[in-house]
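Provided below for reference: sequence and predicted model.
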Amino acid sequence: MDNRSKTFAGFWLRTKAFALDYIVILGYLIALTLLFLMINGLFSGVQWLFADRIQAQFVAFLLVTFPVTLYFVISESSARQATWGKQRLGLRVTDHNGNRIHFWRAFARTLLKFIPWELSHTLIWEIYFSTDINPSLINLGFAMVYILIGLNIASVVVSNTKQTLYDLLAGTYVVK
């Protein structure tokens with residue numbers, strides 16, 4: 001791809017797109033919460049889903065992380081090449097030639113993007129369920145979350161192609 005002919009999306013534009021996407025995610029989370037409140041009100045039986053740390057994390061992954069991952073993967077590998085938020089701002093996710101990325105590349109990109117998110121979920125479940133938790137390990141885990149987020153932000157800011165660390169690893173670009 002001729003980098004001179006492309007306008008790469010920088011930090012603030014990508015942040016605005018994600019904020020718009022978070023409206024979609026928030027709508028899904030609100031609907032899911034209301035559904036669970038309704039089911040629990042009618043049957044008083046959803047507490048068992050969150051009985052222990054492993055089960056709670058698995059259920060949360062299936063109900064939250066997996067659908068959100070699919071939203072990003074399907075949207076960014078589609079003919080539109082963008083999530084709803086990116087579309088609103090005229091952004092597309094491309095490969096090095098400016099072409100649409102395939103499902104598995106979008107999947108890899110999204111998995112890499114969500115590592116800090118999923119690591120923080122794991123740490124929160126650990127804090128919630130464990131009484132004898134080692135605070136140093138939790139602090140180390142959250143430090144890793146912030147380091148990964150910081151590396152992604154730094155990468156967008158300093159890279160000529162405005163790629164995050166997960167874009168560099170997946171071989172993807174966000175262009176205007």
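Received the coordinates, thanks. As the structure is a prediction and not an experimental result, all values here were calculated from the model. Numbering: from 1, shown residues only.

Residue 36: neighbour count?
13 (other CB atoms under 10 Å). In short, each C-beta sits where N, CA and C put it, glycine included.

And it, which helix or strand is it part of?
helix 11-43 (DSSP states H and E).

What residues sit buried inside that helix?
Using 16 or more other CB atoms under 10 Å as the test for burial, helix 11-43 gives 13, 14, 16, 17, 20, 21, 25.

Pull the distance from the helix or strand that that helix is followed by to the chain's centre.
Next along the chain after helix 11-43, taking DSSP H and E as the criterion, comes helix 53-60. Taking CA atoms, centre = their mean, to the nearest Å, one finds helix 53-60 lying 18 Å from the centre of the chain it belongs to.

got the CA coordinates for helix 53-60 in PDB?
The C-alpha trace of helix 53-60 is given here as PDB (Å, rounded to 0.1, in the frame of the first residue of the first chain):
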ATOM      1  CA  ARG A  53     -15.000 -18.000  39.600                       C
ATOM      2  CA  ILE A  54     -14.600 -20.400  36.700                       C
ATOM      3  CA  GLN A  55     -18.300 -20.700  35.900                       C
ATOM      4  CA  ALA A  56     -18.900 -17.000  36.300                       C
ATOM      5  CA  GLN A  57     -16.000 -16.100  34.000                       C
ATOM      6  CA  PHE A  58     -17.200 -18.700  31.400                       C
ATOM      7  CA  VAL A  59     -20.800 -17.400  31.500                       C
ATOM      8  CA  ALA A  60     -19.600 -13.800  31.300                       C
END
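
average pLDDT for it?
Average pLDDT, helix 53-60: 86.

re earlier: pick out whichever of the buried residues of helix 11-43 sits closest to residue 120.
Minimum distance to residue 120 across the buried residues of helix 11-43 is 15.3 Å, recorded for residue 25 (CB to CB).
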